[in-house]
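K.L.:
After the sequence you'll find the predicted model.
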Amino acid sequence: KGWIDEVELLNEEECLEFETTILPVKLALVKLQNLAYKIIHLTTIVLPAWQGILKELKMSISLMPHDMSTHWNSTFDMLKYVLKHQKAVDTVTQQRDL
């Protein structure tokens, strides 16, 4: 036996409720994925700001892992990193000039 997709077992009403319930989580993941991409690829704007924030918070300089479809554990790694660096993430996301 293999994996069972329990969402397929839901009726239409249950499926709609499920989708509505998980929407905030999906949106938060997309925002974190976008932030990770920007930190890694916008090396003249966001990366220096990120490094400055980490330095100011006396945290080690590091890059946020980004979610990759070919790495099954990458979403977990990204979320674990964000929880550990929550203050830095909050600070960088509040800077409107980035």
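P.N.:
That came through, no problem.
K.L.:
residues of stretch 52-65 that come out buried?
P.N.:
53, 54, 64, 65 (16 or more other C-beta atoms under 10 Å). The way it works is simple: take the backbone N, C-alpha and C, and place the C-beta from them, glycine included.
K.L.:
Which pLDDT does the model give the residue positioned nearest the centre of the chain?
P.N.:
For the chain, the residue nearest the mean C-alpha position is residue 32 (2.7 Å; C-alpha atoms, centre = their mean). On the pLDDT scale, residue 32 is placed at 93.
K.L.:
Residue 2 too?
P.N.:
At residue 2, pLDDT is 76.
K.L.:
where does it land in three-state SS?
P.N.:
Assigned by DSSP: H, G, I helix; E, B strand; the rest coil, the conformation of residue 2 is coil.
K.L.:
separation between it and residue 69?
P.N.:
Counting by C-beta to C-beta, to the nearest Å, the separation of residue 2 from residue 69 is 20 Å.
K.L.:
Which one's more surrounded, these two?
P.N.:
residue 69 (7 against 4; other C-beta atoms under 10 Å).
K.L.:
Let's verify that one: helix, strand, or coil?
P.N.:
From three-state DSSP, the assignment for residue 69 is coil.
K.L.:
now, which of the buried residues of stretch 52-65 sits nearest residue 82?
P.N.:
Ranked by distance to residue 82 (C-beta to C-beta), these are led by residue 64 at 7.0 Å.
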